[in-house]
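> Fold the following and give me the result.
(chains A, B, C and D)
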There are 2 protein chains.
Amino acid sequence: MSAGATLAARFQAWQGQTFDGGQCPVRDVLDQIGTKWSMLILIVLADAPSRFSALQRAVPDISKRMLTQTLRDLERNGMITRQVFPTKPPSVEYRLSALGESLLPPLQALVEWAESRHGEIRAARVHFDAERPA
Amino acid sequence: MSAGATLAARFQAWQGQTFDGGQCPVRDVLDQIGTKWSMLILIVLADAPSRFSALQRAVPDISKRMLTQTLRDLERNGMITRQVFPTKPPSVEYRLSALGESLLPPLQALVEWAESRHGEIRAARVHFDAERPA
DNA sequence: CGGAATCCAGCCCGATACTG
DNA sequence: CAGTATCGGGCTGGATTCCG
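Numbering: from 1, shown residues only, chains lettered A, B, ... in the order given. Here you go, the predicted structure:
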């Protein structure tokens, strides 16, 4: 209950300052987390620094286009670093920054919640859909 | 380091079972969290059960359409409950379910991370954009 | 008051092809 | 190997209108 009040208070404090979503940390970070691939890439990089092609293999159903775009975005937000090795052919290694690593504990808490509650969520969906014919 | 390995292992375990994103808890929950308004609504409801119009006031820049849709989705996933009072005119109250409340601690961890690191993220963006002219 | 229905613009993102 | 460029479909989500 007090945790809830704290959450709402923090959110509304930022609302009072501005309605611009870009200025509210909660919205800003949630938007980042919400993109289809960013947290998955982060999870893979949490295991080990990886090259572009290794990331493609770790997340098989991502296109090259989206992998590039997601990596650029994570780099722009300071979550990962990009190092180019001028070999032939060139290789590029991505790794978590200190900022990126600092996100891991809260992210892991979320992953654990997702795993432990996923069954309940799926059951709730079946129940809901059963009540509503169309 | 071990936390990272755990994350990747969990993600990849689900990948081994199926590439269908709908079956992977991490993707499933992340998709839900990623929607534009769902976590904001949850945060407001964490403060107190609220009626439809109260939620509109709490999140000023949400359209009625998206508020309805987001509430339905949260209800379908078992995160909130919906109670209709047959007054005139009708009133409807939304409140967190036990499942919804169980998400608050991990969510709050994320909110705290967002607030404490938001300055760094914004600084990283400015730096990145400065290096890349167009 | 609390929606449902419709219309439609914009973007997300996948597929494909090309490059240093 | 590690991208970039371009095209296009589909879904997201805002605006508007109508309803019990």
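
> the helices in chain A, which residues?
Counting by DSSP state H, chain A has helices at residues A:2-17, A:25-34, A:38-47, A:52-58, A:64-76, A:98-102, A:104-131.

> what stretches of chain A score poorly on pLDDT?
Chain A contains residues with pLDDT under 70 at A:1-5, A:10-22, A:133-134.

> let's see 50
Counting by pLDDT under 50, chain A shows low-confidence ranges at A:1-2, A:17-20.

> What residues does it have near DNA strand D?
Taking Cβ under 7 Å from any atom of the strand, the part of chain A that reaches DNA strand D is made up of A:51-54, A:64-65, A:68, A:71-72, A:82, A:89-93. Yep, even glycine has a C-beta here, placed from its N, CA and C like the rest.

> Identify the residue nearest the geometric centre of chain A.
In chain A, the C-alpha nearest the mean C-alpha coordinate belongs to residue A:39, at 2.8 Å (Cα atoms, centre = their mean).

> Which residue, other than its chain neighbours, is closest to residue A:64?
Spatial nearest neighbour of residue A:64, excluding adjacent residues (Cβ to Cβ, 6 or more residues apart in numbering or on different chains): residue A:56 at 7.0 Å.

> Isn't that neighbour up against residue A:65?
No: Residue A:56 is beyond contact range of residue A:65, at 11.4 Å (criterion: Cβ atoms under 8 Å).

> Please identify which of those two sits among more neighbours.
Per other Cβ atoms under 10 Å in any protein chain shown, whichever of residue A:56 and residue A:65 has more neighbours is residue A:56, with 14 against 8.

> Contact partners for the more buried one?
By Cβ atoms under 8 Å, 6 or more residues apart in numbering or on different chains, residue A:56 lies in contact with A:62, A:64, A:67.

> Quick check: the first one touching residue A:35?
No: using Cβ under 8 Å, residue A:62 is not in contact with residue A:35, being 11.6 Å away.

> which residues do those two both contact?
residue A:70.

> Okay, and the beta partners of the nearest residue to residue A:50 once chain neighbours are set aside?
Excluding the flanking residues, the one nearest residue A:50 by Cβ to Cβ, 6+ apart is residue A:94, at 6.0 Å. When assigned by DSSP bridges, residue A:94 has beta-bridge partners residue A:50, residue A:82.

> so residue A:94 sits right up against residue A:48, yeah?
No: between residue A:94 and residue A:48 there is no contact under Cβ under 8 Å: 10.4 Å.

> The two - which one has more neighbours?
Neighbour count, other Cβ under 10 Å: between residue A:94 and residue A:48, residue A:94 has more, with 20 against 14.

> Residue A:122: neighbour count?
Residue A:122 has 16 nearby residues by other Cβ under 10 Å.

> How much space separates it from chain B?
8 Å (Cβ to the nearest Cβ, to the nearest Å).

> Could you do residue A:105 as well?
From residue A:105 to chain B the distance is 7 Å (Cβ to the nearest Cβ).

> separation between that residue and DNA strand C?
The gap separating residue A:105 from DNA strand C is 25 Å, by Cβ to the nearest atom of the strand, to the nearest Å.

> Also residue A:113?
Counting by Cβ to the nearest atom of the strand - residue A:113 and DNA strand C are separated by 22 Å.

> Check residue A:92 too.
Applying Cβ to the nearest atom of the strand, the value for residue A:92 to DNA strand C is 10 Å.

> Now for that residue, how many residues are close by?
Counted with other Cβ under 10 Å, residues neighbouring residue A:92 total 13.

> Which positions in chain A make contact with DNA strand C?
When proximity is defined as Cβ under 7 Å from any atom of the strand, chain A approaches DNA strand C at A:35-36, A:61-66, A:89-90.

> Could I have the buried ones of the residues you listed as ChimeraX selection syntax?
The ChimeraX selection below is limited to those of these classed as buried (16 or more other Cβ atoms under 10 Å in any protein chain shown):
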select /A:35,62
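
> Buried residues, stretch A:29-44. List them.
A:29-30, A:32-35, A:37-44.

> Kindly report the same for stretch A:70-90.
By 16+ other Cβ under 10 Å, the buried positions in stretch A:70-90 come out as A:70-71, A:73-81.
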